[in-house]
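In: Show me how the following folds:
(chains A, B, C and D)
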There are 2 protein chains.
Amino acid sequence: MRVLVVDDERRLARALQAGLVREGYVVDVRHDGGAGLEAALGGEYDLILLDLMLPVLSGYEVVRRLRAAEVWTPVLMLTAKDGEYDEADALDEGADDYLTKPFSLVVLVARIRALLRRGAVPRPAVMRSGAVEVDPGTRKVLRDGKEVDVTTREFALLSYLTHHAGQVVSKAELYEHVWESHDGSGDLNVVEVYVGYLRRKLGRDVIETVRGAGYRAPSR
Amino acid sequence: MRVLVVDDERRLARALQAGLVREGYVVDVRHDGGAGLEAALGGEYDLILLDLMLPVLSGYEVVRRLRAAEVWTPVLMLTAKDGEYDEADALDEGADDYLTKPFSLVVLVARIRALLRRGAVPRPAVMRSGAVEVDPGTRKVLRDGKEVDVTTREFALLSYLTHHAGQVVSKAELYEHVWESHDGSGDLNVVEVYVGYLRRKLGRDVIETVRGAGYRAPSR
DNA sequence: CTCCTGGCTGAGAGGACGCTGAGAGCGCCA
DNA sequence: TGGCGCTCTCAGCGTCCTCTCAGCCAGGAG
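Out: Predicted coordinates:
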């Protein structure tokens, strides 16, 4: 279980980290809203602990942007204020719970457990690349809003590419993640074949060839 | 949205009811743990507000028994105590959130909204998928408004699928939830057989096959 | 222009996957 | 005890998917 802690009070952040590590969580720490947002967007976290009052970007703002980017990681808001409207605002912005400082580690851990428990069915993120939308939850692929049938292999390949949209991904990397892994050698031609299948079903432009390097799904 | 309020302080219960009705919720009230549990088990609620200190059965006990009976309606615990261990206990028992009395209606409503939003798929009283309607209360299935007889197994399978309408559900997951669970292996062919039965009774289109991934009930 | 390398694609074998009909076992009821 | 409905197993069959192979095409270097 990976937890991201975003708090500018370094002492508190370190205490949280220590406490959570002792509970068996893997913990990353950021000290301002900007860095926090970046980490939250990129990293794969199961939960985010977010201070409300932060430099660069406020906690509110971080949650708003996260949700706007369709990242649904559960967020537990930490706040020193305790006016009721702050709480209500935070929850309405898309936070999943909040805790007023000072709080005890016991309560925090219990709340985290409750969040993770119900988070059992996290909304899977829908990935976009160009005119193509990939939804891992419903296992549907849309081209210009129209559903297109793809096979399991094709879906796996497309998912991997759109998940890394904008980046060049080598055939070897694709082969390792979508087909057998780790045995080093296999015939990479199968990757080319499946790229071909996808292009036929979804249009030439869904996957660009980068000669000598690999393939790339356009980032938008 | 149906909400069940269980609280033995009648004045507070009535105030909650009035406030929530004004917000557009349908509200039922019970005044002790026994009656509350019974209502929660039988009725289809989207949310339960549960006092911790109750006659007959405590709030703890009610949540425990609800979860033991595999009823996953979100529970918001109300408590007059504020020792941290109470909170932690309640959350560990399976409550989804708690609120310490006295609280304001603004905060309560915001918390309710947050709970319903993540709602862990709030279970509507009647589930629809395509031309099929499934009513867990009466255990009836309608196709184009006409009642169709289904057996217990068939009903369980159909319920699970329509409850996750739009999502692809693997045969293994279906097997685990509708047949024996947790022993990992069993013959998944039985799932195919029952999908076949349902299709014969309700029409081919009630359940889509997603080759290599599982089955899906159309989302509308 | 020619050669060479890397990428693309049509055809087809083999296999995995899903569907179905037949029927056995079991519990319930008359 | 016989009949009935429900549940589940099994085996066969057809379909679709996957992957290999061989030949072709395109781009880049000289």
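In: Could you report the distance from residue A:34 to DNA strand C?
Out: Distance, residue A:34 to DNA strand C, using CB to the nearest atom of the strand, to the nearest Å: 38 Å. Bear in mind the C-beta positions are built from the backbone N, C-alpha and C, glycine included.
In: So residue A:170 versus residue A:211, what's the distance?
Out: Distance of residue A:170 to residue A:211, computed by CB to CB, to the nearest Å: 12 Å.
In: Give me the more crowded residue out of the two.
Out: Counting neighbours by other CB atoms under 10 Å in any protein chain shown for residue A:170 and for residue A:211 shows that residue A:170 has the greater number, 15 against 5.
In: Name the nearest residue to that one, sequence neighbours excluded.
Out: residue A:214 (3.9 Å; CB to CB, 6 or more residues apart in numbering or on different chains).
In: Please tell me how far the one you found sits from DNA strand D.
Out: 15 Å.
In: For that residue, give me its contacts.
Out: By CB atoms under 8 Å, 6 or more residues apart in numbering or on different chains, the contact list for residue A:214 reads A:168-171, A:173-174.
In: try residue A:151
Out: A:197, B:211-212.
In: May I have the phi/psi pair for it?
Out: Main-chain torsions, residue A:151, degrees, to the nearest 10: phi -80, psi 170.
In: roughly how far apart are it and residue B:166?
Out: From residue A:151 to residue B:166 the distance is 20 Å (CB to CB).
In: before we move on, what about residue A:109?
Out: In terms of CB to CB, residue A:109 sits 34 Å off from residue B:166.
In: For these two, indicate the residue with more neighbours.
Out: Neighbours per residue, other CB under 10 Å: of residue A:109 and residue B:166, the larger number sits with residue A:109, 18 against 15.
In: Of the contacts of residue A:151, which are in range of DNA strand C?
Out: Residues of these in contact with DNA strand C (CB under 7 Å from any atom of the strand): B:211-212.
In: Closest to residue B:99 out of the contacts of residue A:151?
Out: residue B:212 (45.8 Å; CB to CB).
In: Same question for the closest one, what's its three-state structure.
Out: coil (DSSP: H, G, I helix; E, B strand; the rest coil).
In: Can you name the residue of chain A nearest to DNA strand D?
Out: Per CB to the nearest atom of the strand, residue A:151 is where chain A lies closest to DNA strand D, at 2.9 Å.
In: quick revisit: filtering the contacts of residue A:214 by proximity to DNA strand C, which remain?
Out: residue A:171.
In: Which ones among the contacts of residue A:214 lie within helices?
Out: A:171, A:173-174 (DSSP state H).
In: out of those, which is most surrounded?
Out: Using other CB under 10 Å as the neighbour test, the ones in helices among the contacts of residue A:214 are led by residue A:174, with 22 neighbours.
In: For that one, give me its contacts.
Out: A:157, A:160-161, A:191, A:214-215.
In: repeat for residue A:162
Out: Counted by CB under 8 Å, 6+ apart, residue A:162 has contacts A:127-129, A:132, A:134, A:217.
In: Out of these, flag the one nearest to DNA strand C.
Out: Nearest to DNA strand C, judged by CB to the nearest atom of the strand, of the contacts of residue A:162 is residue A:217 at 13.4 Å.
In: quick one: least confident helix or strand in chain A?
Out: Of all helical and strand segments in chain A, the minimum by mean pLDDT, DSSP states H and E falls on helix A:84-93, at a mean of 56.
In: Now do the helices in chain A.
Out: A:10-22, A:33-42, A:59-68, A:84-93, A:105-118, A:152-163, A:171-178, A:189-202.
In: which stretch among those helices comes nearest residue B:56?
Out: Closest among the helices of chain A, using CB to CB: helix A:105-118, at 25.4 Å.
In: per-residue confidence averaged over the closest one?
Out: Throughout helix A:105-118, pLDDT has a mean value of 68.
In: what do you get for stretch A:40-47?
Out: Here the average pLDDT along stretch A:40-47 is 76.
In: roughly how far apart are residue A:28 and residue A:108?
Out: Residue A:28 is 17 Å from residue A:108, by CB to CB.
In: More neighbours: those two, which one.
Out: Per other CB under 10 Å, whichever of residue A:28 and residue A:108 has more neighbours is residue A:108, with 20 against 16.
In: Next up, the contacts around the residue lying closest to residue A:8 once chain neighbours are set aside.
Out: Distances taken as CB to CB, 6+ apart put residue A:31 closest to residue A:8, at 5.2 Å, once the chain neighbours are dropped. By CB under 8 Å, 6+ apart, the contact list for residue A:31 reads A:6-8, A:10, A:13, A:55.
In: Output the residues you listed in a markdown table; the columns should cover distance to residue A:75, neighbour count and pLDDT.
Out: Shown next, in a markdown table, are the contacts of residue A:31 (distance: CB to CB, whole Å; neighbours: other CB atoms under 10 Å in any protein chain shown; pLDDT from 0 to 100):
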| residue | distance to residue A:75 | neighbour count | pLDDT |
| --- | --- | --- | --- |
| A:6 | 10 | 27 | 93 |
| A:7 | 13 | 26 | 90 |
| A:8 | 17 | 16 | 87 |
| A:10 | 21 | 10 | 81 |
| A:13 | 16 | 19 | 83 |
| A:55 | 18 | 12 | 81 |
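In: Show me the two of these that sit farthest apart.
Out: Most distant of those, by CB to CB, are A:13 and A:55, 13.0 Å apart.
In: Write out the residues of chain A neighbouring DNA strand D.
Out: Counting by CB under 7 Å from any atom of the strand, chain A sits next to DNA strand D at A:149, A:151-154, A:179, A:186-187, A:189-190, A:193-194, A:211.
In: Would you write a PyMOL line that selects the buried entries of those?
Out: The PyMOL command for the buried members of the residues of chain A next to DNA strand D (criterion: 16 or more other CB atoms under 10 Å in any protein chain shown) is given here:
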select buried, chain A and resi 153+154+179+190+194
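In: which one of the residues of chain A next to DNA strand D is nearest residue B:207?
Out: residue A:149 (16.3 Å).
In: distance of the closest one from residue A:202?
Out: Residue A:149 is 11 Å from residue A:202, by CB to CB.
In: Also residue A:6?
Out: From residue A:6 over to residue A:202 (counting by CB to CB), the distance is 38 Å.
In: Please read off the pLDDT at residue A:81 from the model.
Out: So, for residue A:81, pLDDT stands at 58.
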